[in-house]
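S.K.: just coords:
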C-alpha cells in the first residue's frame, strides 16, 4: 500500500501553509514528519486525511486519486495531540465505534476491541468513561480506536507530547510493538528528533511548510541536507560558524587557522559554513590532542540530566557545548571550546551539505 | 464561618419576603387582606384556589400559557441546534454579521413588532391561538437559544467532529449519538431561558390573543374589576404562576451550575 502526495500545496488566505511538495509513503514501516511547531506537520496530516482539500496537487492511495473524496469514504484514522475521545461513550464503545459504523458483527467487534485494548494495556478500563481515565490511558484509548479498524492510513499527530515524561517513554517503546504486523501506512508527527531516531522510519523534515529532506532518520541525522535540517534534527541544535578553505589551509571563524584535514581534500577552495555537534565540543580541556580551540565567554549554563549545556556566543552566532557531568560556570567566565577538524560538517554558501564526517558505511537504504 | 452563614441566611430571607407575602396572602380571606396587617393568616382558607380550579376561564388560561410556552420551546430548539452548529463549525459568507443580526432581534423591544404581528396573524387566521404567541416568542427566543448553544458547541473540540467523520459517522448519526449528549447542559440552559422569556412575557401574549387563547397573566388582570380587586384570587394565581418556574429550575438545577460556567451566559 502506498500514499503519494503529488505536488500538493495548501494556501490559506494568501498564506502558504504547505509549499508544493512530493512525498511517497509506504506501508509496513513508520513514516515520520519532523519539524518545529508551525512547520506544517498538522496541515500536511490534515491534507493526507482529507480533512482539508489541497490548494493544488493530487493525493493518491495505491494509485487511486482520492483528492476530492470525502473523509468518511477514505478509511483514515487519526490521533490528535489533545486526547480526543467520545466523552459520553465508555472506553469499550469508543474503541468499538468505527467498527459499529462499518457494520462488523458484534462477536467480531468484541474480539477485536479486547485484543486491541490488551495490546495497549487498557483492558481493565473498558467499562469506564474517558473522563475517568488518566491522560495516558485516554491517549491509549484514542490510539486503540485508530488502530482497531486497520485503516489504510493511520495519522498520529504528536500523540505523546501532552503526556508526562515517564509515560511518553513507555508509550514510545510500546508503539512500535502495537504497530507490528499491520498493513496500514502509519505517519507519526513529532518535534523531537530523538523520537524520530528511536522509531527509525523514513523521516520528512519540514520547515515553514517546506519539505527539507526525506530519508531514513539515521541518514538524516548523519547527513543533514542543509543547515536548517541540521538545527531541527539535533537537540541541542548544531553549532554553525563561517569559514574558508584555501589551499592547504582551513580557516574556521575569523581567527582560527589550521591545516586542511584529509577528509576535506576533495572540496574546492572557497568559503563555507562549518557545523559542529554540541557533544563534539570539549569545554576547557587540554586532553584532546590535535584539537583546535575557540575562546569565548559563558552566557548561560543549563543542567540537563547528567550533562551540562554551556551556552555562549561565537562570532555572533549562538553556540551550545554539551559537557558530560554537572558543572557550574559563572556568567562571563572565560570559555575555551575544543573541537577536532575531522568532525566538522561542511555546508556551502547556499547552506547545502557538501561533507559529513558521519555519512558512510552505516547508511540505511531501501529494504535495509 | 457562622457569621457568613447568618448573613447569607438573612439575605435570602430578605429576598424571599415578597414571595412569602404573596403565598400567605393567597391563604387569607379578602377581609383579612384589606382590613389588617398580619404576617400569618388568622383563618387559613383555600377558597381562592378552589375558585381558580373550579373556573374554566382560569384553568383554561393556565393551560393556554403552558401550551404556548411548550410549543415555543418545541419550535425553538430544533431550529436553534442546527443553526448554532453551523455558526460554531462552518465559515460561510457573512457568518459573523448574520450572527450579530440575529442577536439584534433581542435588542428590539417587543412592542415594535406588535402591530405587524397583530395584522399578520389576523389575515392568516392565527389570531387568538396559542400558535400565534408561540411563533411570536420564537423571534426572541431563537436568537437567544442560538447564542447560548453556539457557546456550548464551541466548547466542544472540533477534533471530536473530525474523529467521528474519520470513523465513518454520518452527520445525523454523529449528532444524535455523540454531539447532542455532549451539549446536553447547553440544551437545558437554552430551554430554560426560552421558558423564562415565554412564561413571563405579557405584551405580545396579551395582544395576540383575546378570549380563546387568553394567557394566564391576562386573566389575572381581569381580577381588577369595577367593583374592586379580588386580592385573594390574584395572590393565589400569582402563587400558581411560580410553580412551573420552580419545577423547571428543579429539573435543570444540575445542568445550570455546570451549564452557566461552560456557555457564554
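M.R.: The structure has been received and is ready for your questions. All values derive from a computational prediction rather than experimental measurement.
S.K.: what about the stretch 151-265 of chain B, any weak spots by pLDDT?
M.R.: For the stretch 151-265 of chain B, the stretches flagged by pLDDT under 70 are B:256-265.
S.K.: tell me which parts of it are close to chain A?
M.R.: Remark: the part of the stretch 151-265 of chain B in contact with chain A comprises B:157, B:159-160, B:162-170, B:173, B:178, B:181-182, using C-beta under 8 Å from any C-beta of the partner chain. Where you see a C-beta, it was placed from the backbone N, CA and C, and this is true even at glycine.
S.K.: filter those down to the buried ones.
M.R.: Listed as buried from these are B:159-160, B:162-169, B:178, B:182; burial here means 16 or more other C-beta atoms under 10 Å in any protein chain shown.
S.K.: walk me through the domains of the chain.
M.R.: Going with chain A. Per the record, chain A has its domains at A:2-229, A:236-355, by automatic domain parsing.
S.K.: chain B was what I was after
M.R.: According to automatic domain parsing, the ranges for chain B are B:1-45, B:54-262.
S.K.: so where do the helices sit in the chain?
M.R.: Here I'm looking at chain A. A:41-49, A:91-102, A:106-119, A:135-148, A:165-179, A:193-199, A:217-222, A:227-232 (DSSP state H).
S.K.: please refer instead to chain B.
M.R.: B:2-26, B:30-35, B:47-53, B:56-89, B:95-107, B:114-123, B:130-154, B:158-167, B:171-174, B:180-182, B:184-200, B:203-207, B:216-221, B:231-262.
S.K.: pLDDT below threshold where in chain A?
M.R.: In chain A, residues with pLDDT under 70: A:286-290, A:360-368.
S.K.: the same query, at a cut-off of 50, please.
M.R.: Applying pLDDT under 50 to chain A picks out residues A:367-368.
S.K.: how about the residues of it by chain B?
M.R.: A:49, A:51, A:71-72, A:74, A:76-78, A:80, A:82, A:84, A:86-89, A:97-98, A:101-102, A:142, A:145, A:149.
S.K.: pLDDT on stretch B:4-17, on average?
M.R.: Averaging pLDDT along stretch B:4-17 yields 94.
S.K.: how far out from the middle of the chain is it?
M.R.: In terms of C-alpha atoms, centre = their mean, to the nearest Å, the centre of stretch B:4-17 is found 26 Å from the chain centre.
S.K.: list the buried ones in that stretch?
M.R.: So for stretch B:4-17, nothing qualifies as buried (16+ other C-beta under 10 Å).
S.K.: with stretch A:164-178 instead?
M.R.: A:167-168, A:171-172, A:175, A:178.
S.K.: number of nearby residues for whichever residue of the stretch 151-300 of chain A sits closest to chain B?
M.R.: Nearest to chain B in the stretch 151-300 of chain A, going by C-beta to the nearest C-beta, is residue A:151, at a distance of 8.2 Å. Neighbour count for residue A:151, taken as other C-beta atoms under 10 Å in any protein chain shown: 22.
S.K.: ditto for the one 5 residues further on
M.R.: Per other C-beta under 10 Å, the neighbour tally for residue A:156 reads 27.
S.K.: so what's it up against?
M.R.: Neighbour list for residue A:156: A:78-79, A:143, A:146, A:186-189 [criterion: C-beta atoms under 8 Å, 6 or more residues apart in numbering or on different chains].
S.K.: 7 Å instead, please
M.R.: A:79, A:186-189 (C-beta atoms under 7 Å, 6 or more residues apart in numbering or on different chains).
S.K.: leaving out the residues flanking it, which one is nearest to residue 85?
M.R.: With no chain named, the answer covers chain A. Spatial nearest neighbour of residue A:85, excluding adjacent residues (C-beta to C-beta, 6 or more residues apart in numbering or on different chains): residue A:130 at 4.0 Å.
S.K.: could you do chain B instead?
M.R.: With C-beta to C-beta, 6+ apart, the residue lying closest to residue B:85 is residue B:153, at 5.9 Å.
S.K.: so what's the one you found up against?
M.R.: B:84-85, B:88, B:183.
S.K.: hmm, which of the residues you listed are the buried ones?
M.R.: Buried among these by 16+ other C-beta under 10 Å: B:84-85, B:88, B:183.
S.K.: of those, closest to residue B:19?
M.R.: For the buried ones among the contacts of residue B:153, the closest approach to residue B:19 (C-beta to C-beta) belongs to residue B:183, at 32.7 Å.
S.K.: my read is that that closest one contacts residue B:150, right?
M.R.: No: using C-beta atoms under 7 Å, residue B:183 is not in contact with residue B:150, being 10.2 Å away.
S.K.: and residue B:212, how far from chain A?
M.R.: 44 Å (C-beta to the nearest C-beta, to the nearest Å).
S.K.: isn't that residue right up against residue B:126?
M.R.: No: at 11.5 Å, residue B:212 does not count as touching residue B:126 under the criterion of C-beta under 7 Å.
S.K.: the more surrounded of the two?
M.R.: residue B:126 (19 against 11).
S.K.: how close does the residue in the stretch 101-250 of chain A positioned nearest to chain B sit to residue A:154?
M.R.: Using C-beta to the nearest C-beta, the closest approach of the stretch 101-250 of chain A to chain B is made by residue A:101 at 4.0 Å. Look at residue A:101 and residue A:154: by C-beta to C-beta, to the nearest Å, they are 17 Å apart.
S.K.: neighbour count: those two, which is higher?
M.R.: More crowded of residue A:101 and residue A:154, by other C-beta under 10 Å: residue A:154, with 23 against 18.
S.K.: so can I have JSON lines of the helices of chain A showing distance to residue A:242?
M.R.: Conversion of the helices of chain A to JSON lines gives the following (distance: least, C-beta to C-beta, whole Å):
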{"stretch": "helix A:41-49", "distance to residue A:242": "31"}
{"stretch": "helix A:91-102", "distance to residue A:242": "55"}
{"stretch": "helix A:106-119", "distance to residue A:242": "52"}
{"stretch": "helix A:135-148", "distance to residue A:242": "45"}
{"stretch": "helix A:165-179", "distance to residue A:242": "38"}
{"stretch": "helix A:193-199", "distance to residue A:242": "25"}
{"stretch": "helix A:217-222", "distance to residue A:242": "23"}
{"stretch": "helix A:227-232", "distance to residue A:242": "11"}
